[in-house]
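J.: coords below, sequence missing:
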């Protein structure tokens, strides 16, 4: 996923907006910005700039990340890229 995002948005920048932890979980709210300059899931680049927000919650055990859940505003992501979302 990271490689695919870096290919599609070579100037990708992620800002950590909030981060907090409780017990064995860490929640991170972030903003991702970049320019759609490379192929993404078979979609042709449009050169448009994108800015989307998301949240990741990770669970840790034994000093290692063992699970992660992510929510990203994908509909807005596709709209800003100027492409039709996959069916």
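T.: Good, I have the coordinates. In this text the structure is predicted, and so the values were computed from the model without any measurement. Numbering: from 1, shown residues only.
J.: Tell me where the chain has strands.
T.: Secondary structure of the chain (DSSP state E): strands at 13-22, 25-35, 49-61, 64-72.
J.: mind giving me a markdown table with those and columns for mean pLDDT and distance to residue 86?
T.: In this view, the C-beta of every residue, glycine as well, is placed from N, C-alpha and C. Formatted as a markdown table, these follow (pLDDT from 0 to 100; distance: least, Cβ to Cβ, whole Å):
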| stretch | mean pLDDT | distance to residue 86 |
| --- | --- | --- |
| strand 13-22 | 97 | 23 |
| strand 25-35 | 97 | 19 |
| strand 49-61 | 97 | 16 |
| strand 64-72 | 96 | 14 |
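J.: check contacts around the nearest residue to residue 75 once chain neighbours are set aside.
T.: Take residue 75 and drop its neighbours on the chain: the residue closest to it by Cβ to Cβ, 6 or more residues apart in numbering is residue 85, 6.3 Å away. The contact partners of residue 85, by Cβ atoms under 8 Å, 6 or more residues apart in numbering, come to 74-75, 78.
J.: That'll do, ta.
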